[in-house]
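1. Provided below are the primary sequence and the corresponding predicted coordinates.
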Amino acid sequence: MDSENLALAQEESTLTKIRTVLNNNKVKLWEAPYFDTEKNVPNEASLHELSVTITSDVNLPRPHIFQGLKMLQQNALEKLAARDRFKESGIANLKIRCAKGLKCRSKTCDIALSSPGAELIEQISTMVNSPKEKIKLICSGRVISQDKSLAFQNVKNGATIMVVLVGDHEALAIVAEQRKMMEETKSDAARLSGRDKNRDDYFLQVADQSGKSLDLPAEEKKSLIIAMSLHEKGRAALKKKQYPAAIVLLLEAEQEFSQCRSELLSMVDNFAILSLDIAWCYLALQTVSELPDAEARLARCEEKFKSSYGNNMERVTALKGGTGGEQALMARLHLLQGIVAFHLGRDREAKLLLEKVSIEMQLLVVDEMDLMEIASMGYSIAEARVGLRASLGDRKLAVDHIIKRREEKEQILKKEKEERDRGKLRDRLGRCADGSWINVGYYNTLRNMGFTEKVAAAALRQANNSLNTAVQLLQEEPDLISLAADEREGEVGGEPSDEMVASVVAMGFEADMAKVALTNEGCVERAVEKLMEGGGVVEPVEKMDGRAGKRRRTDEDEEAYNRIKEGITENEEDHLDLDMVEEGQLLQQYIRLLK
């Protein structure tokens, strides 16, 4: 933090301490005896007396208290005047706070809350002397949309607007690319969230802390995947120190997370880590005005970390065999909590938290030689750092930890691949006459007995998964089974026959929808499945050559998948790889401020 912002931080902290004491004693600076309402001027004698009275409570030099009282009195009077104007005219007065890299000619602006966001952006762009395309406005943790009214976006009279510069001299191209990336990320995540891991080559899934995928309802999975994709993009920008771009992506991710049930969010720790990332971004942007919002986020984050990791990291130790990575997250959390406490005037709380962080960071120190030595063995820096922290600096144990984590990941991926291949085979084989899926194990048994894929599947389909009956049919009625296999093969990809439509209608579906589903899917089993998923309604799918259509869809999925993962590390523990350099610098800065 630069000298100008350090001075601002000290000023905000001083005002907060004085404000807290005044609130506790129910002192109103805009009323007598501190303000002469008839002459409309401050009563400085009374303010001097008040500064003497509260000196012991505030524990600051008396001149600082007196100046702070005058500033708070002026702020209160301006707020009252703005409130009266708002009641009379409906014109709101908004506070403007500029993030790092911007200067604002005025600290407030007046605008009707019925105005669209674009009008506010236009007005503030003039105030900060920067093109509107280069700035983003944030209020109460949300990015201001251009096309919606301020009232609809919950902007209230007296609200604080944070102004963020989103680019340099090439800002126009950067912002356009950023907007395109955000929309593409949402679209691609939505597309791939709908893919089935048992059928498709490219898909996205949600996994728990051990890496095992979670089975979720389709809509919730879609919302969660869009949110997590935006979060990953935001974290990638955060790692490159592109804070303005990062905060926009992270807040968009939070909006998507808000669409998910609280029970669903409790299953993964991504939302807690997102709250931590947003608070860190606020600090990097040096936006003191957003610290109350950050405090609420950090409280949620701490609660989730405790439930996920255990009060003493016991759950992480049981799951991973070490706590080094997660302990780094906790150190960052406690550092941010200490900084927020300082800015809110709670010096004692801030001091205790920063002392705790100092101890935590000593335990997280990694020897540079050990780091390079492990990296020279072919492991990544991130793996080496997390491994050394998990093993408390023991190089051999660190390597063992890395190997164990890699083996666990390989086992999970191997098991998921086997399940995916099994699911694809099951989907290709279809269902029996009674609606149950063909038993893949029985199918493999018949294949090992020398029967072809077509007839083995047809026999099990006719026998409703009875292996003995299927073998009997293959031995006694081979021509009948071959005919059934040929008929089913002819059904796939052709026009639905009257018999096929009748079969679907007999299950309670409309004839028109039955024809659409059969045309889309090519067989009764899949048509019924899709109709059940859609509540009896399906949309027509553009028809083309089967293989060409599938190939095109796969190519498009691959492009979407590559866009999603661009700039995102494949290391799922990347968020734990904190070098703690910036944290150490901030720790020392705020320790000095507390002295």
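-> That came through fine.
2. So which bits of stretch 396-409 are buried?
-> 397-399, 401-402, 405 (16 or more other CB atoms under 10 Å). (Each C-beta comes from the backbone N, C-alpha and C, glycine too.)
3. need these in CSV with pLDDT, secondary structure and distance to residue 419, can you?
-> Listed next are the buried residues of stretch 396-409 as CSV, based on pLDDT from 0 to 100; DSSP: H, G, I helix; E, B strand; the rest coil; distance: CB to CB, whole Å:
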residue, pLDDT, secondary structure, distance to residue 419
397, 91, helix, 33
398, 89, helix, 32
399, 92, helix, 31
401, 88, helix, 27
402, 89, helix, 26
405, 85, helix, 21
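4. Now the residues you listed in CSV, please, with extra columns for distance to residue 113.
-> Formatted as CSV, those follow (distance: CB to CB, whole Å):
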residue, distance to residue 113
397, 60
398, 56
399, 60
401, 55
402, 55
405, 52
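5. per-residue pLDDT, residue 371?
-> Note for residue 371: predicted pLDDT of 91.
6. sorry, back to before: and of the buried residues of stretch 396-409, the nearest to residue 354?
-> Nearest to residue 354 out of these is residue 398 (CB to CB; 28.6 Å).
7. Which residue, neighbours along the chain excluded, lies closest to the closest one?
-> Leaving aside its sequence neighbours, residue 398 sits nearest to residue 387 (CB to CB, 6 or more residues apart in numbering; 3.7 Å).
8. ditto for residue 79
-> residue 158 (6.2 Å).
9. how many neighbours does that neighbour have?
-> As a burial measure, residue 158 scores 14 neighbours (other CB atoms under 10 Å).
10. what kind of secondary structure is it in?
-> coil (DSSP: H, G, I helix; E, B strand; the rest coil).
11. for it, what are its contacts?
-> 79, 82-83, 92-95 (CB atoms under 8 Å, 6 or more residues apart in numbering).
12. With just CA atoms, put stretch 456-464 into CSV.
-> What follows is stretch 456-464, C-alpha atoms only, in CSV (Å, rounded to 0.1, in the frame of the first residue of the first chain):
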residue,chain,number,x,y,z
ALA,A,456,-25.7,-60.5,-27.1
ALA,A,457,-27.4,-57.2,-26.5
ALA,A,458,-30.6,-58.3,-28.4
ALA,A,459,-30.8,-61.5,-26.3
LEU,A,460,-30.5,-59.7,-23.0
ARG,A,461,-33.1,-57.1,-24.2
GLN,A,462,-35.6,-59.8,-25.1
ALA,A,463,-34.8,-61.7,-21.8
ASN,A,464,-35.1,-58.7,-19.6
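13. what's in contact with that stretch?
-> Under the contact criterion CB under 8 Å, 6+ apart, stretch 456-464 has outside partners 429-434, 436, 438-439, 442-443, 446-447, 451, 467, 469-471, 473-474, 481-482, 484-485, 488.
14. what's the answer for stretch 160-168, then?
-> 94-102, 104, 109, 120, 124, 128, 130, 134-139, 144, 155, 171, 174-175, 178, 244-245, 247-248, 285, 287, 289-290.
15. cutoff 6 Å now
-> For stretch 160-168, contacts defined as CB atoms under 6 Å, 6 or more residues apart in numbering pick out 94-99, 101-102, 124, 128, 134-139, 174-175, 244, 287, 289-290.
16. Mind listing what's buried along stretch 415-433?
-> 416, 420, 423-427, 429-432.
17. Looking at those residues, which are in helices?
-> Residues of those located in helices (DSSP state H): 416, 420, 423-427, 429.
18. farthest-separated two in those residues?
-> Maximum distance among these (CB to CB): 20.2 Å, for 416 and 429.
19. on that earlier part again, can you tell me which of the contacts of residue 158 is nearest residue 339?
-> residue 95 (21.1 Å).
20. quick check, the closest one in a helix?
-> No - looking at residue 95 with three-state DSSP, it is strand, so not inside a helix.
21. How much space separates it from residue 282?
-> 16 Å (CB to CB, to the nearest Å).
22. Looking at those two, which is more packed in?
-> Taking other CB under 10 Å, residue 95 and residue 282 do not tie; residue 282 has more neighbours (26 against 17).
23. any idea which helix or strand comes after the strand or helix carrying that one?
-> Residue 282 is located in helix 270-284, with elements delineated by DSSP states H and E. Helices and strands here follow DSSP H and E; after helix 270-284, the next one along the chain is helix 291-309.
24. Just want the angle from that following helix to helix 270-284.
-> Relative orientation of helix 291-309 and helix 270-284, computed by axes from the mean of the first three to the mean of the last three CA atoms, to 10 degrees: 150 degrees.
25. State whether residue 409 is indeed within a helix.
-> Yes - inclusion of residue 409 in a helix is indicated when three-state DSSP is applied.
26. Which parts of the stretch 51-200 of the chain are helices?
-> For the stretch 51-200 of the chain, applying DSSP state H, counting those that start in this stretch gives helices covering 55-58, 62-89, 117-127, 171-193.
27. Would you mark the buried spots in the first one?
-> Neighbour-count burial for helix 55-58 flags 55, 58 (criterion: 16+ other CB under 10 Å).
28. how long is stretch 130-139 from one end to the other?
-> Stretch 130-139 has its terminal residues 19 Å apart, counting by CA to CA, to the nearest Å.
29. Show me the contact partners of whichever strand or helix holds residue 592.
-> Using DSSP H and E, residue 592 falls within helix 581-594. Residues outside helix 581-594 that contact it (CB under 6 Å, 6+ apart) are 332, 335, 339, 342, 351, 354, 357.
30. Mind exporting the C-alpha coordinates of stretch 226-246 to PDB?
-> The C-alpha coordinates for stretch 226-246 follow below in PDB (Å, rounded to 0.1, in the frame of the first residue of the first chain):
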ATOM      1  CA  ILE A 226     -20.900 -21.400 -14.400                       C
ATOM      2  CA  ALA A 227     -20.100 -19.900 -11.100                       C
ATOM      3  CA  MET A 228     -17.000 -22.000 -10.600                       C
ATOM      4  CA  SER A 229     -15.800 -21.400 -14.200                       C
ATOM      5  CA  LEU A 230     -16.100 -17.600 -13.700                       C
ATOM      6  CA  HIS A 231     -14.300 -18.000 -10.300                       C
ATOM      7  CA  GLU A 232     -11.400 -19.800 -12.000                       C
ATOM      8  CA  LYS A 233     -11.100 -17.100 -14.600                       C
ATOM      9  CA  GLY A 234     -11.100 -14.500 -11.900                       C
ATOM     10  CA  ARG A 235      -8.500 -16.300  -9.900                       C
ATOM     11  CA  ALA A 236      -6.300 -16.500 -13.000                       C
ATOM     12  CA  ALA A 237      -6.500 -12.700 -13.300                       C
ATOM     13  CA  LEU A 238      -5.800 -12.400  -9.600                       C
ATOM     14  CA  LYS A 239      -2.700 -14.400  -9.900                       C
ATOM     15  CA  LYS A 240      -1.500 -12.100 -12.700                       C
ATOM     16  CA  LYS A 241      -2.300  -9.100 -10.400                       C
ATOM     17  CA  GLN A 242      -4.900  -7.900 -12.900                       C
ATOM     18  CA  TYR A 243      -7.100  -6.800 -10.000                       C
ATOM     19  CA  PRO A 244      -9.700  -4.700 -11.800                       C
ATOM     20  CA  ALA A 245     -10.500  -7.600 -14.200                       C
ATOM     21  CA  ALA A 246     -10.400 -10.000 -11.400                       C
END
